[in-house]
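S.K.: would you be able to build a 3D model of this:
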Amino acid sequence: MPAPRAALANQAALGAVALGALAAARLLDATGRVAGLPVLGWLPACPLHQWTGIACPTCGLTRSFVALAHGQLARSLHFNPLGPALFAVAGVAGLALLLAWAASRAWRLHLAPGERQAVLIGLLAVLLGTWLVRLMGVIG
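M.R.: Residues are numbered from 1 along each chain as shown. Reported below is the predicted structural model:
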């Protein structure tokens, strides 16, 4: 049974954004330029880091994605240890969403309510744990 058109359009847009982010990371160089033109200057700086000097849990993800898109795993991990995992998730999810859209099927991750809660708590624990380890200066 085909999925509703609105759901398919949302799914296609989300998949395109995910894969577009990976493509953009590949186009950027280490200084945030494409063909020598600055393109990252319009991105706002992290407010937490600006106001407190403390990096937030997502600080460095753009640089991590750019480094990984250029095959620099160690540098990617230095910028943000979660970058390579999120890069992989964006690629797999983006591809799955677009393939499902092409087949006119809605793609969903089927989890029971208890499983959803456990996954969200686990992801939050990984995010906060990594942030704390970074704040202590052990990594990144």
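
S.K.: tell me the helix or strand right after the lowest-mean-pLDDT helix or strand in the chain.
M.R.: Ranking every helix and strand in the chain by mean pLDDT, DSSP states H and E puts strand 37-38 at the bottom, with a mean of 63. Following strand 37-38 in sequence order, the next helix or strand is helix 47-52 (DSSP states H and E).

S.K.: now do that following helix: everything it contacts.
M.R.: Ile54, Ala55, Cys56, Cys59 (CB atoms under 8 Å, 6 or more residues apart in numbering). Just so you know, the C-beta spots here come from the backbone N, C-alpha and C atoms, and that holds for glycine as well.

S.K.: what does the pLDDT read for the third one?
M.R.: Here the pLDDT value assigned to Cys56 is 88.

S.K.: does it belong to a helix, a strand or coil?
M.R.: For Cys56, the assignment made with DSSP: H, G, I helix; E, B strand; the rest coil gives coil.

S.K.: need the nearest residue in space to it, chain neighbours excluded.
M.R.: Spatial nearest neighbour of Cys56, excluding adjacent residues (CB to CB, 6 or more residues apart in numbering): Leu48 at 4.4 Å.

S.K.: can you count the residues close to that neighbour?
M.R.: Using other CB atoms under 10 Å, Leu48 has 14 neighbouring residues.

S.K.: what mean pLDDT does stretch 4-18 get?
M.R.: For stretch 4-18, the per-residue pLDDT averages 82.

S.K.: again with stretch 99-111
M.R.: The average pLDDT within stretch 99-111 is 81.

S.K.: need the residue closest to the centroid of the chain.
M.R.: Central residue of the chain (CA atoms, centre = their mean): Leu86, 4.6 Å from the mean position.

S.K.: before we move on, back to that, mind checking which of the contacts of helix 47-52 are buried?
M.R.: Ala55, Cys59 (16 or more other CB atoms under 10 Å).
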